[in-house]
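Chemist: show me the folded form of this:
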Amino acid sequence: LARPHIPGAYIWLYWLNPFRYTYESLAIAMMQDETFVCGPLAGANCTNQTANSLMISFGFAPGNNSLDWWYWFDQIVVALYTMAWIIATFIALKLFTFGSR
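Modeler: Numbering: from 1, shown residues only. Next up, the predicted model:
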């Protein structure tokens, strides 16, 4: 679901979802500055002819920041999520011992 179509009450889930940052950074890395050629079957549906305008229409890179800025922001957030899960796993393994009596 694209960010512009998410109801305001649920937008916080969009910003907390770690898969959003992974998906967005992957899409920016793979598609940035690509150009699409519309075929004869596209007709009037060919509104986004560059990948950058397509990604912005899906809600990537909100605000006035560039796609490069959002790519690195997403990479940092994914790294922080990874470190948080590693730390949480370490704490859980130290605090909880299963199988011992």
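Chemist: any stretches of this structure with poor pLDDT?
Modeler: For the chain, the stretches with pLDDT under 70 are 42-45, 47-48, 63-64, 100-101.
Chemist: look up how far A79 lies from the closest residue to P4 other than its chain neighbours.
Modeler: In this structure, P4 finds its nearest non-sequential neighbour in G59, 5.2 Å apart by C-beta to C-beta, 6 or more residues apart in numbering. C-beta here means a position set from N, CA and C on the backbone, and glycine is covered the same way. Going from G59 to A79 by C-beta to C-beta, to the nearest Å gives 22 Å.
Chemist: before we move on, the earlier item: what's the neighbour count on the residue nearest to P4?
Modeler: Neighbour count for G59, taken as other C-beta atoms under 10 Å: 16.
Chemist: for it, grab phi and psi.
Modeler: phi 100, psi 10 (degrees, to the nearest 10).
Chemist: that one against I11, yeah?
Modeler: No: the pair G59 / I11 is not scored as a contact, 10.3 Å apart, by C-beta atoms under 8 Å.
Chemist: tally of neighbours for the residue lying closest to Q32 once chain neighbours are set aside?
Modeler: Among residues not flanking Q32 along the chain, L67 sits closest, at 5.4 Å (C-beta to C-beta, 6+ apart). L67: 19 surrounding residues under other C-beta under 10 Å.
Chemist: ok, T97 next?
Modeler: Neighbours of T97 using other C-beta under 10 Å come to 8.
Chemist: nothing else from me, thank you.
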